[in-house]
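Participant: Output the structure for:
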Amino acid sequence: MQQLLGPGDPPPYAVFNVKGKAPLLLLCDHASKAVPKALGDLGISEDELSRHIGWDIGGLEAAIELASVLDAPLVASGYSRLVIDCNRWPGGEGSIPEISDGTHVPANRDLAKAEIDARADACFWPYHREIDRQLDLMTAGGRAVAFLVMHSFTPRMNGFERPWHVGVLWNDDPRLPEPLLAELRRDPSLMVGDNEPYTARDAYEYTLNAHPRPRRLPYCSLEVRQDLIGTSDEARAWGRRLAPAIRAAVAAALG
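Facilitator: From the prediction side, this is the model:
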């Protein structure tokens, strides 16, 4: 199979605060809007790629600040979700969308299995292998750790104005999400969504099902509305704002 990534392409993942001591692994599945040079511009403009369809706006910078404040390691994806979505099963629903929020992506149309596999081998599997490597290191000797994925969401979708400032997404393990919801709701100025504006119970959800569930780790995702974290300063401020609630929830989940 031809290698998709070449010289000058960014790596498929990045690790921040690798020596972090907190019993928490942070992730950012949609951290980048990068596209491999071999795929050109995917047939869309830079403006389109920079929208929420290309990446989680503000998500990485908020996650980096969280990693610093909490002293937790962070693994972040290296390529746009329009190249391949690191939170969807490869080859499944939404993995390589031909249309995303009304935008047609010509380079994603009618892909052969070999083309899908090439994207997964280059941009998807290395990220997820690194997640497992980090978890193996962190849980060595039976150490208990928690697992949190940072996302951001668009303020408006399909004509609906989303009122939540943050949302906690979870499936059937309440150990981390329930205390996190409780901690966030201590702030009366926050509107907090419980499996809103998305749910972690959808079948297409990959990251939470592939890593923490089989290991029986406490886990959830945390969504922040993108108009609140649209600049670097805003994203980092929200990282600092969310850190105490996350710290307390992790302690409760592991206690």
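
Participant: From what I see, Val105 and Leu42 are in contact.
Facilitator: Yes: here Val105 lies in contact with Leu42, judged by C-beta atoms under 8 Å, at a distance of 5.4 Å. From N, CA and C alone the C-beta is placed, and that goes for glycine too.

Participant: Compare neighbour counts for these two and give me the winner.
Facilitator: Higher neighbour count among Val105 and Leu42: Val105, with 21 against 18, using other C-beta atoms under 10 Å.

Participant: and the more buried one, what pLDDT?
Facilitator: pLDDT, Val105: 98.

Participant: C-terminal to the lowest-mean-pLDDT helix or strand in the chain, what's the next element?
Facilitator: When the helices and strands of the chain are scored by mean pLDDT, DSSP states H and E, strand 156-157 comes last with a mean of 88. Toward the C-terminus, strand 156-157 is succeeded by strand 160-161 as the next helix or strand (DSSP states H and E).

Participant: who touches both of Val105 and Leu42?
Facilitator: Here Val105 and Leu42 have Leu82 as joint contacts, going by C-beta atoms under 8 Å, 6 or more residues apart in numbering.

Participant: coming back round to it: given the least confident helix or strand of the chain, what are its sheet partners and their directions?
Facilitator: strand 160-161 (antiparallel) (DSSP bridges).

Participant: any idea which helix is longest in this structure?
Facilitator: helix 232-254 (DSSP state H).

Participant: Can you list the buried residues in that helix?
Facilitator: Along helix 232-254, these residues count as buried under the neighbour rule (16 or more other C-beta atoms under 10 Å): 234-239, 241-243, 245-250, 252-254.

Participant: mind listing what Val166 touches?
Facilitator: Here Val166 is in contact with 184, 190, 192-193, 222-225, 242 (C-beta under 8 Å, 6+ apart).

Participant: filter the residues you listed to the buried ones?
Facilitator: Counted by 16+ other C-beta under 10 Å, the contacts of Val166 give 184, 192-193, 222-225, 242 as buried.

Participant: Looking at those, spot the one nearest Leu25.
Facilitator: Leu222 (13.3 Å; C-beta to C-beta).

Participant: quick one: strands adjacent to the helix or strand encompassing the closest one?
Facilitator: Element membership for Leu222, per DSSP H and E: strand 219-225. Applying DSSP bridges, strand 219-225 is found paired with strand 146-153 (parallel), strand 166-169 (antiparallel).
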